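Chemist: Need a 3D model of the sequence below.
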Amino acid sequence: MYHERQRWAFCGVHAVNNLLQKQAYDKDTFDAVCDDLAPSSIMNPHRSMWGIGNYDANVLMVILEQKQGLDVQWHDARQEMTLAVLQEYFSSNTTTTTTSEPSAVAGIVVNLPSTSLWARYVTKGRHWFTLLWQPQQAQWINLDSNLKEPKVIGDMQACVDLLQEWRQQSCHILLVKTNNIPNETR
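Modeler: Numbering: from 1, shown residues only. Model (predicted):
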């Protein structure tokens, strides 16, 4: 299993690459997206002014939606995360409506307040990481770049329970899946 480890404040890059299960993007690609989002900015609001990452949600969404063609849904933090929410989102683009199995690329990109002092003061204190669905094992895996190795979360309900716990810590949740809409109609 592909698992990038944390380097500087590039957790956004690591989260995307861990979701895609390969080194698809790097600092230069993310910086180029930042420049596209705010071309005339002296201090780009979408990344750290020190060039060490700390990319915001806009950058991750452009990479995932426009460059990868994935469907991304920002979960409304005011709404409870439930098993029904996950099952509905991840099964909504399959050919049969009776399945609750997630689609080909299925993951959750999470943004939590960081616990490290360095991150709290230097990078506004937030950390991106990916939870990846493994359909063959019917389990979710935590691919947080701060972990030494991937960590099994468990089934859909175990993932929901964990997301509910993190929701109490002001987490942001991006649900990500394969988009079955042809490119020419997007």
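
Chemist: Check the secondary structure at Glu165 for me.
Modeler: helix (DSSP: H, G, I helix; E, B strand; the rest coil).

Chemist: how far away is it from Asp35?
Modeler: 37 Å (CB to CB, to the nearest Å). No exception for glycine: its C-beta is placed from N, CA and C like everyone else's.

Chemist: Looking at those two, which one has more neighbours?
Modeler: Each of Glu165 and Asp35 has its neighbours counted (other CB atoms under 10 Å); Asp35 has more, 14 against 11.

Chemist: The closest residue in space to Pro45 that isn't next to it in sequence: how many residues sit nearby?
Modeler: Of all residues beyond its chain neighbours, the one nearest Pro45 is Ala38 (5.9 Å), with distances taken as CB to CB, 6 or more residues apart in numbering. By other CB under 10 Å, the residues close to Ala38 number 14.

Chemist: Thought Arg47 was touching Ala38, still the case?
Modeler: No. Assessed by CB atoms under 8 Å, Ala38 is found out of contact with Arg47, at 9.3 Å.

Chemist: Contacts only, for the residue nearest the centre of the chain.
Modeler: In the chain, the centroid-proximal residue (CA atoms, centre = their mean) is Val109; its distance is 2.0 Å. Neighbour list for Val109: Ala15, Val16, Leu19, Leu60, Leu64, Trp128, Phe129, Thr130, Leu131, Ile173, Leu174, Val176 [criterion: CB atoms under 8 Å, 6 or more residues apart in numbering].
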